[in-house]
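Chemist: have a look; sequence and predicted model below, questions after that.
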Amino acid sequence: MIKPLLFAIAAGLSLNAHAATFAYISSPADGLISQYRLDESNGALSLVQQIRAGEQVNPLAASLDGSRLYAALRAKPFKVLGYQIEPGSGHLKTLSEAPLADSLAYLSLDHTGRYLLGASYGADLVSIQPVDSTDAAQIKTYKTGLHAHSLRSDPSNRFAYAGNLGVDHVLQYRLDTAQGSLVPIGSGQVDASVNSGPRHLAFSPDGKFVYVVGEMSGSVTSYAIDQTSGALSLINEAAGIPERLKLAHGEVRDARNNDLKDDPTPRIWAADIRITPQGNLLFISERASSSVSVFKVDTATGRVSFLENYAVQEKQPRNIAVSPNGQWLLVSGEKSDTVGSYAIGQEGELKRVSEAPSGKGAVWIEMVRVPQA
């Protein structure tokens, strides 16, 4: 058993040595997808090229093998664009265009790369559809409570979970890859704290735990995944917004009051959650204070605990991403002209080391390793 293991490690190291790390960031305000190269040896970030995807391009989804990228357009007619990520250059080559169920706030791929999973905040639904299919009849939708905000398959690809912000639920499904469908597990949901606003999800690398960021609470809630049924059970919840930020509890937002213009009170407005490849650190973005909070993860029990909150230069940071080697955090800001690269310390400390120009209203980040010749 030792020789195959050593061979696998050596093969992985060889692959990484002959791969480049690229980040793709969508900017809905100008309809661009920007491609960046990240030097994982020092965190240097450089803009490679920008392509015009279309009006209100927003959520992105990259395949595990780094060969495909999908981008959802949130302007009518709602559609998803499929791109090939070219080996070597990492440039995007248009491959497909397909319809979507509605305006999607979230997009992901199952681990086979055969299905696109989506969540529509405005239409209160989640969806699953075959990639590249132009047949709208093949899109399956499932109504949720108010404001579905994410849908992702777990590392085993047997289950899928959704953050249902408006009703404080995390939805749980069995992912049927033979039929391309979602089957509720038990009652189909577990509760989150009242008025927490479950938004985005992150899984532990071993697939035993799922972590959910609360948009309105700025907390992270940890759930254990039953490895047989996929049912979730609560482990703990950790607050992530220190009192020094002077933020009141958040409120549910939609198209009518997204910026809470009639409410002068600064309120918690958390957004994204990402985990390191080692599974020991979690990061969430907080838009109102333009900051990122860091949590420690007990990889044996799944318990999370707050470490610290760090201000970032990117104003109103929506999405964040951890590099494949776990040493760098990329941050985009909806009201920033740049994308920042931050070094991640042993205890999650963040230090800004590089920046590159961003598109207008930059939001979604997907990072992949691309084979080099």
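Modeler: Looks like it came in fine. Residues are numbered from 1 along each chain as shown.
Chemist: give me the phi and psi for the residue nearest to residue 103 when sequence neighbours are not counted.
Modeler: Leaving out its chain neighbours, the residue that sits closest to residue 103 by Cβ to Cβ, 6 or more residues apart in numbering is residue 74, at 4.6 Å. (C-beta placed from N, C-alpha, C; glycine too.) Per-residue torsions, residue 74: phi -100, psi 10 (degrees, to the nearest 10).
Chemist: near residue 74, how many other residues are there?
Modeler: By other Cβ atoms under 10 Å, 21 other residues sit near residue 74.
Chemist: any idea how far residue 52 is from it?
Modeler: The gap separating residue 74 from residue 52 is 15 Å, by Cβ to Cβ, to the nearest Å.
Chemist: before we move on, what about residue 176?
Modeler: 37 Å.
Chemist: okay, the two: which has more neighbours?
Modeler: A direct count of neighbours by other Cβ under 10 Å for residue 176 and residue 52 places residue 176 higher, at 13 against 10.
Chemist: residues contacting that one?
Modeler: 182, 183 (Cβ atoms under 8 Å, 6 or more residues apart in numbering).
Chemist: quick check: beta-bridge partners of it?
Modeler: Counting by DSSP bridges, residue 176 forms beta bridges with residue 181.
Chemist: neighbours of residue 296, how many?
Modeler: Residue 296, neighbours per other Cβ under 10 Å, totals 17.
Chemist: low-confidence stretches in the stretch 201-350 of the chain?
Modeler: 256-257, 259 (pLDDT under 70).
Chemist: recalculate using a threshold of 90.
Modeler: 253-264 (pLDDT under 90).
Chemist: for it, which segments count as strands?
Modeler: Along the stretch 201-350 of the chain, the stretches classed as strands by DSSP state E, counting those that start in this stretch are 209-214, 219-225, 232-239, 270-275, 281-286, 291-297, 304-311, 317-322, 328-333, 338-344, 350-357.
Chemist: of these, which is nearest residue 56?
Modeler: Nearest to residue 56 among the strands of the stretch 201-350 of the chain is strand 317-322 (14.0 Å), distances taken as Cβ to Cβ.
Chemist: just checking, residue 311 touches residue 289?
Modeler: Yes: using Cβ atoms under 8 Å, residue 311 makes contact with residue 289 at a distance of 7.3 Å.
Chemist: which parts of the stretch 1-150 of the chain are strands?
Modeler: Under the criterion DSSP E, counting those that start in this stretch, the stretch 1-150 of the chain contains strands at 19-27, 32-38, 45-52, 57-62, 68-73, 79-85, 92-99, 106-109, 115-120, 125-130, 140-143.
Chemist: can you say which of those is packed in most?
Modeler: The highest average neighbour count among the strands of the stretch 1-150 of the chain, using mean count of other Cβ atoms under 10 Å, belongs to strand 115-120 at a mean of 26.
Chemist: which strands and helices lie in contact with it?
Modeler: strand 106-109, strand 125-130, strand 159-164 (3 or more Cβ pairs under 8 Å, 6 or more residues apart in numbering; DSSP states H and E).
Chemist: export these as JSON lines, with columns for mean pLDDT.
Modeler: Compiled in JSON lines, the helices and strands packed on strand 115-120 are given as follows (pLDDT from 0 to 100):
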{"stretch": "strand 106-109", "mean pLDDT": "98"}
{"stretch": "strand 125-130", "mean pLDDT": "98"}
{"stretch": "strand 159-164", "mean pLDDT": "98"}
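Chemist: a markdown table for those strands, including distance to residue 327?
Modeler: Below are those laid out as a markdown table (distance: least, Cβ to Cβ, whole Å):
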| stretch | distance to residue 327 |
| --- | --- |
| strand 106-109 | 24 |
| strand 125-130 | 33 |
| strand 159-164 | 28 |
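Chemist: of these, which approaches residue 321 most closely?
Modeler: Closest among the helices and strands packed on strand 115-120, using Cβ to Cβ: strand 106-109, at 13.7 Å.
Chemist: circling back: do you know which of the strands of the stretch 201-350 of the chain lies nearest residue 65?
Modeler: Evaluated with Cβ to Cβ, the strands of the stretch 201-350 of the chain place strand 317-322 nearest to residue 65, the distance being 17.5 Å.
Chemist: how about residues contacting that closest one?
Modeler: Contacts of strand 317-322 with the rest of the structure, by Cβ under 8 Å, 6+ apart, involve 23, 25, 271-272, 274-277, 283-287, 290-292, 328-334, 336, 344, 362-367.
Chemist: how near is residue 21 to residue 174?
Modeler: Residue 21 is 34 Å from residue 174, by Cβ to Cβ.
Chemist: and if you look at residue 72?
Modeler: Distance, residue 72 to residue 174, by Cβ to Cβ: 24 Å.
Chemist: and residue 283, by the same measure?
Modeler: According to Cβ to Cβ, residue 283 stands 29 Å off from residue 174.
Chemist: got the contact list for residue 197?
Modeler: Residues in contact with residue 197 (Cβ under 8 Å, 6+ apart) are 165, 166, 168, 214, 215, 216, 217, 250, 252.
Chemist: just the buried members of those?
Modeler: Listed as buried from the contacts of residue 197 are 165, 166, 168, 214, 215, 216, 217, 250; burial here means 16 or more other Cβ atoms under 10 Å.
Chemist: enumerate every residue touching the third one.
Modeler: Yep, that's residue 168 we're talking about. Taking Cβ under 8 Å, 6+ apart as the test, what residue 168 contacts is 191, 192, 193, 194, 195, 196, 197, 198.
Chemist: my read: residue 125 touches residue 148, true?
Modeler: Yes: in this structure, residue 125 is within contact of residue 148 by Cβ under 8 Å, at 6.1 Å.
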